[in-house]
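1. model the structure of this input:
(chains A and B)
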Protein chains: 2
Amino acid sequence: MHLVQPTQIHIALDMMGGDHGPLITLPAAIQAVQEIPNLLLTLCGDAAVLQRELSQAGCGNHPRLRIQPCSQQVSMCEKPSSALRNKRDSSMRVALELVEQGQASACVSAGNTGALIAMAHFVLKMLSGVERPALISTLPSTAAQPVYMLDLGATVNCDADTLFQFAVMGSVMAEEVEGLQAPRLALLNMGEEEIKGTDQIKQAAVLLSECDELNYIGFIEGNDIFSGKADVIICDGFVGNVALKTCEGVAKLIINQIRATLLSSLVGRIVGKVAQPWLKSMVKGVNPDQYNGASLIGLRGIVVKSHGNASKEAFLSAIRQAVREVERQVPAKIKDRLEQVLIGKA
Amino acid sequence: MHLVQPTQIHIALDMMGGDHGPLITLPAAIQAVQEIPNLLLTLCGDAAVLQRELSQAGCGNHPRLRIQPCSQQVSMCEKPSSALRNKRDSSMRVALELVEQGQASACVSAGNTGALIAMAHFVLKMLSGVERPALISTLPSTAAQPVYMLDLGATVNCDADTLFQFAVMGSVMAEEVEGLQAPRLALLNMGEEEIKGTDQIKQAAVLLSECDELNYIGFIEGNDIFSGKADVIICDGFVGNVALKTCEGVAKLIINQIRATLLSSLVGRIVGKVAQPWLKSMVKGVNPDQYNGASLIGLRGIVVKSHGNASKEAFLSAIRQAVREVERQVPAKIKDRLEQVLIGKA
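-> Numbers count the residues shown, from 1 in each chain, chains lettered A, B, ... in the order given. Next up is the predicted model:
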């Protein structure tokens, strides 16, 4: 009996992106190929640095770790427009072009978010039927499974059609990657009543209500993002970004308050010793952005954005996520679903 | 030597608003007049209920608790437009009209937020120079003093001029009520760079940078709302509402995670017993909305909104806040400052 040879999955990594560059991305890449036997990684970046670090790690000749030399890198504070114009041989741009040319099936980067969105949009182009890209990620929830939220900052101004397309894309992600059937979709709003919110949101609610192919359940408020009432939460990139970063701020505030309270008494200090690991895991849990990769969807290719300050574990998790999206062929599924929904509407 | 007789402060209370009505508002009113010797309260609501409850509390003839009979009340789920049209003799409307007629200096309500905003706008009218009202409240901060944030949900769509007016109003609140000198004002945005955000926010940033009378420090992100970087944070009502409610959601999620972790082990259960009061105070601290009153500003009169689910303590805190705003004459100060700023711009 022969085991079926699994198809090889080829992913291009922006090795120079993020606050720590190869110090983080290289160990993650090595662990990824050890973990996933059919994974081939192209490491885009400074060839000398990458070759030296690979050799030091004893992986100088690993058959599934290939170096793609790039002479430039996009800095974390560079303007997207400048990166787009001037960084054609950057590790970020080259990784995206490998996807565009069909040589890789996905790109993973921990680099400058604005530049990555602009470059990915420019290089990969939008899927037909999608007007704007969206960043989507999972957030923790009090329910058994995580909740997806989009857009987390790719598209600032969204009209009703864009929000509708985001809903379709979010539904496909939850179905394909999380394995949910008919995921419950909700629009993030400032109230649950129909009369609340901006015109764009009210119009998007009408479009979603009329769509039989989607399981739209209505408006949801900020306090219910984590309650498990919805599987996919849809909003524009400005609101999503503020909400996500506010979570981070609240988590820090609470941890600070707990620390201050614990330190203020002897019993507290003892409790603090015991509670230390919980505090750490809590911060991790509520800082999804810090841990999970966010996928840039709506493009003709898979792009996963890891946090700029990602650890090796976080970058590895972003690679794993890219693998899942390749296996599930997320962009093709989004395109199919959009066509199906548009036929339903016509 | 004669003590100066303090001027009497007259406040109208919507006794029927909120989830619990007089069960909460009456004990708060009684404690307020006991605490503040120059406070006169007009209790708007169902006269029979209020008279009975006052008598039972032994305050049937209190000289500084007057009942203003009202035949209607606004329910918590009523549409603002319907309340405005049909509830002319409601406790909410009558309390606002006492302010409009100059018989009371402020109104406090725990009722339906949308209806209160619509009615207050209609009855009291805007201050000259202000286009739209804003809800402002203090949030906890890791710094020594709290941070003010507006708008928390009164005005959904804000152009640059409106955001600028909100900044002026927020600055006056922080100066007059909190006693801060030259409070640091920041616009809530999805990045700190000048190129980030919506057109409205970018234009508001230009207006604020050019204004010598205000201490504008730039953009701030959601993760810095609570860090003490700014004293007043300005955003539109949609974003502010989502951010505030997201805080509530995160706080609940963290408390849940702590509880679950504590309950999962024996040591944890013991720690949990010790930590119970901290958990409670933490939820309170991060749920500002639950505890502090939010002021509806920009109107020709003082309106303080207590949370619908307010406790006696929370409603009392809203009354105290109204007293402070009357003492500091906040609406007049906002009007003066706006005139001063507009002269500076001309």
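2. contacts and neighbour counts: CA atoms only from here.
-> Will do.
3. quickly list what the most centrally placed residue in chain A is bridged to.
-> Per C-alpha atoms, centre = their mean, the C-alpha nearest to the average position across chain A is that of A:Ala294, at 0.8 Å. Per DSSP bridges, the residues bridged to A:Ala294 are A:Lys305.
4. just the CA coordinates for stretch A:208-226, please, in PDB.
-> Taking C-alpha atoms only, stretch A:208-226 is exported to PDB below (Å, rounded to 0.1, in the frame of the first residue of the first chain):
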ATOM      1  CA  LEU A 208     -27.500  41.200   4.200                       C
ATOM      2  CA  SER A 209     -31.100  40.600   5.200                       C
ATOM      3  CA  GLU A 210     -32.100  40.100   1.600                       C
ATOM      4  CA  CYS A 211     -29.300  37.500   1.000                       C
ATOM      5  CA  ASP A 212     -30.400  33.900   1.500                       C
ATOM      6  CA  GLU A 213     -26.900  32.500   1.100                       C
ATOM      7  CA  LEU A 214     -25.700  34.300   4.300                       C
ATOM      8  CA  ASN A 215     -26.700  33.800   7.900                       C
ATOM      9  CA  TYR A 216     -27.100  37.400   8.900                       C
ATOM     10  CA  ILE A 217     -28.300  37.900  12.400                       C
ATOM     11  CA  GLY A 218     -28.400  41.700  12.800                       C
ATOM     12  CA  PHE A 219     -26.500  44.400  14.700                       C
ATOM     13  CA  ILE A 220     -24.200  43.700  17.500                       C
ATOM     14  CA  GLU A 221     -22.700  46.200  20.000                       C
ATOM     15  CA  GLY A 222     -19.100  46.400  21.200                       C
ATOM     16  CA  ASN A 223     -19.900  44.700  24.500                       C
ATOM     17  CA  ASP A 224     -21.000  41.600  22.600                       C
ATOM     18  CA  ILE A 225     -17.900  41.200  20.400                       C
ATOM     19  CA  PHE A 226     -16.500  38.500  22.700                       C
END
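5. just the buried positions in that stretch, please.
-> By 16 or more other C-alpha atoms under 10 Å in any protein chain shown, the buried positions in stretch A:208-226 come out as A:208, A:213-226.
6. what's the most distant pair in these?
-> The two members of these with the most space between them (C-alpha to C-alpha) are A:Glu213 and A:Asn223, at 27.3 Å.
7. flag every residue of the stretch 1-150 of chain A that's near chain B.
-> Residues of the stretch 1-150 of chain A that fall close to chain B, judged by C-alpha under 8 Å from any C-alpha of the partner chain: A:141-142.
8. show me the helices in the stretch 1-150 of chain A, by range?
-> For the stretch 1-150 of chain A, the helices defined by DSSP state H, counting those that start in this stretch cover A:22-35, A:47-56, A:80-86, A:91-100, A:113-124.
9. using a markdown table, lay out those together with distance to B:Ala57, mean neighbour count and mean pLDDT.
-> Formatted as a markdown table, the entries for these read as follows, by distance: least, C-alpha to C-alpha, whole Å; neighbours: other C-alpha atoms under 10 Å in any protein chain shown; pLDDT from 0 to 100:
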| stretch | distance to B:Ala57 | mean neighbour count | mean pLDDT |
| --- | --- | --- | --- |
| helix A:22-35 | 67 | 19 | 96 |
| helix A:47-56 | 78 | 15 | 96 |
| helix A:80-86 | 66 | 15 | 94 |
| helix A:91-100 | 72 | 26 | 98 |
| helix A:113-124 | 61 | 21 | 96 |
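10. can I get the ones you listed in a markdown table with distance to A:Arg64?
-> Conversion of the helices of the stretch 1-150 of chain A to a markdown table gives the following (distance: least, C-alpha to C-alpha, whole Å):
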| stretch | distance to A:Arg64 |
| --- | --- |
| helix A:22-35 | 7 |
| helix A:47-56 | 12 |
| helix A:80-86 | 29 |
| helix A:91-100 | 16 |
| helix A:113-124 | 25 |
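11. shaky segments in the stretch 151-300 of chain A?
-> Scanning the stretch 151-300 of chain A for pLDDT under 70 picks out the ranges A:261-262, A:264-292.
12. residues from it in reach of chain B?
-> A:153, A:156-157, A:188-190, A:197-198, A:221-227, A:238-239, A:241-251, A:253-254, A:256-258, A:261, A:271, A:278, A:282, A:286.
13. out of those, which end up buried?
-> Buried by 16+ other C-alpha under 10 Å: A:153, A:156-157, A:188-190, A:197, A:221-227, A:238-239, A:241-251, A:253-254, A:257-258, A:261, A:271, A:282, A:286, out of these.
14. which residue ranges of chain A form strands?
-> In chain A, the strands defined using DSSP state E lie at A:9-14, A:39-45, A:65-69, A:106-109, A:134-139, A:147-150, A:184-188, A:215-220, A:232-234, A:294-297, A:302-305.
15. give me the helices and strands touching the longest one, please.
-> Other elements packing on strand A:39-45 under the criterion 3 or more C-alpha pairs under 8 Å, 6 or more residues apart in numbering or on different chains; DSSP states H and E are strand A:9-14, helix A:22-35, strand A:65-69, helix A:91-100.
16. which residues sit against stretch A:99-110?
-> When contacts are defined by C-alpha atoms under 8 Å, 6 or more residues apart in numbering or on different chains, stretch A:99-110 is touched by residues A:9-15, A:17-18, A:92, A:95-96, A:98, A:116, A:123-124, A:300-310, A:315, A:318-319, A:322-323, A:326.
17. the same query, at a cut-off of 6 Å, please.
-> Outside stretch A:99-110, the residues that touch it by C-alpha atoms under 6 Å, 6 or more residues apart in numbering or on different chains are A:10-14, A:17-18, A:95, A:98, A:124, A:302-308.
18. only C-alpha atoms, please: export stretch A:334-346 in CSV.
-> Taking only C-alpha atoms (Å, rounded to 0.1, in the frame of the first residue of the first chain), the coordinates of stretch A:334-346 have been written out as CSV:
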residue,chain,number,x,y,z
ILE,A,334,-14.4,33.7,-1.8
LYS,A,335,-14.6,34.3,-5.5
ASP,A,336,-17.1,31.4,-6.0
ARG,A,337,-19.3,32.5,-3.1
LEU,A,338,-19.4,36.1,-4.3
GLU,A,339,-20.5,34.9,-7.8
GLN,A,340,-23.1,32.7,-6.2
VAL,A,341,-24.4,35.5,-4.0
LEU,A,342,-24.4,38.0,-6.9
ILE,A,343,-26.4,35.5,-9.0
GLY,A,344,-28.8,35.1,-6.1
LYS,A,345,-29.3,38.9,-6.0
ALA,A,346,-29.7,39.3,-9.7
